[in-house]
Every structure is written in structure tokens, then in C-alpha cells.
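Engineer: generate coordinates for the sequence data below:
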Amino acid sequence: MTETPEDTPKIQEPRLWTGDGWTARVIKNEDDDGWAVAMVKDGEPEPALVGPWTMGRDKKNPKPLDGNAFNTLVKTANEFVRRHEQQLHATLHQSITVTASMGRVTVNLDITPDEDNPYATLSAQDDGGDTLAEVKVAAGFKLNRSTAVAWADGGFAKPR
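Structural biologist: Residues are numbered from 1 along each chain as shown. From the prediction side, this is the model:
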């Protein structure tokens, strides 16, 4: 039987909290005398977010985690992961609409970040959404207004 997040017991210790798909662990900050908190998404090997953590009243030990702090950390970590995913998507999937000699054309560049052989697919659609052309290009192809117009006006020949 597979455990669901509801079945997993929550841990609520001064330096370790789990719940809502996340683990918060207060750790010694290697760079100075302070403390940090690492947020690890369930199933991931590395922290999604590491940030400074408040010292306790004795100025030696960290302030203990509590429910409010954990909820804030989960919200912050989720937002951080979402922004990273949006940025990655924007980097890998670009689109521009231009007016070429044939009319309005939407040109898309979809990068496939393969470790051994990264590449991109350059495609064009008309205003009705019909595909006009699709070619494989180098992952480093720069899509901008001038390259999109040149590609369309050149009959959608594979760019060099």
C-alpha cells in the first residue's frame, strides 16, 4: 500500500517539521555563526530553498520552528518553486507574432534541453492556428522579431 501525505505522520520538533509535502530543517549556517532553514520538497534530494534562520534568545541556538513559521516557509518555498518553473518554461518556450510578407505569423521556439544533444524546434502558425512550417534548429537559435520575419520571408527554409 502506498502512503499518501495524509497517512505520513507529521514531525513537529524544534529543528525539524514536516507536512504539506515539505520538510523544514534548521541547520548550522556554514558561512557564519548563525543558523539557516532548508526547505525540501517531499521526494526531492536537494533543498528547494535555503534561507537564514533567526537566533533564539540565548543568541547561540536557533529559534524553534512553530506552526506559523512552518506555514510561512511552505508558502515561500512553493512560490519560489513556481517562479523557477515559470522562468524555466519561458526560457524553453518562446513565441513571437510578426507581420511578414505573407501576413501575420506566430513563430515558436521550443528548446529540448537534452544533456547529450540539445536542440530546438522552430515552428510557424498562421492566424488560424494552422502549422505553416516546422524545422529542427540548434538549441542556441536566437528568436527575435528580425529572425522570425527573415525565416518567414525566406520561405521557412532551415536557418543556418
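
Engineer: helix, strand or coil for the residue nearest to residue 124 when sequence neighbours are not counted?
Structural biologist: Excluding the flanking residues, the one nearest residue 124 by Cβ to Cβ, 6 or more residues apart in numbering is residue 132, at 4.3 Å. Just so you know, the C-beta spots here come from the backbone N, C-alpha and C atoms, and that holds for glycine as well. Put simply, residue 132 is strand when judged by DSSP: H, G, I helix; E, B strand; the rest coil.

Engineer: isn't residue 147 up against residue 160?
Structural biologist: No. Between residue 147 and residue 160 there is no contact, the gap being 11.0 Å when judged by Cβ atoms under 8 Å.

Engineer: quick one: which of the two has more around it?
Structural biologist: Between residue 147 and residue 160, residue 147 has the larger neighbour count (other Cβ atoms under 10 Å), namely 17 against 5.

Engineer: quick check: buried residues in the lengthiest strand in the chain?
Structural biologist: Secondary structure assigned by DSSP state E gives strand 103-112 as the longest strand of the chain. Within strand 103-112, the residues scored as buried using 16 or more other Cβ atoms under 10 Å are 105-109, 111.

Engineer: count of residues packed around residue 98?
Structural biologist: Around residue 98 there are 20 residues (other Cβ under 10 Å).

Engineer: work out for me the element it sits within.
Structural biologist: strand 93-100 (DSSP states H and E).

Engineer: shaky segments in this protein?
Structural biologist: 1-8 (pLDDT under 70).

Engineer: show me where it has helices.
Structural biologist: Counting by DSSP state H, the chain has these helices, from start to end: 67-92, 145-153.

Engineer: residues touching residue 118, list them.
Structural biologist: 111-112, 139 (Cβ atoms under 8 Å, 6 or more residues apart in numbering).

Engineer: which one of those is nearest residue 35?
Structural biologist: residue 111 (39.2 Å; Cβ to Cβ).

Engineer: so the closest one touches residue 139, yeah?
Structural biologist: Yes. Contact criterion Cβ under 8 Å: residue 111 and residue 139 qualify, at 5.3 Å.

Engineer: list residues touching both of the two?
Structural biologist: By Cβ under 8 Å, 6+ apart, the residues touching both residue 111 and residue 139 are 118-120.
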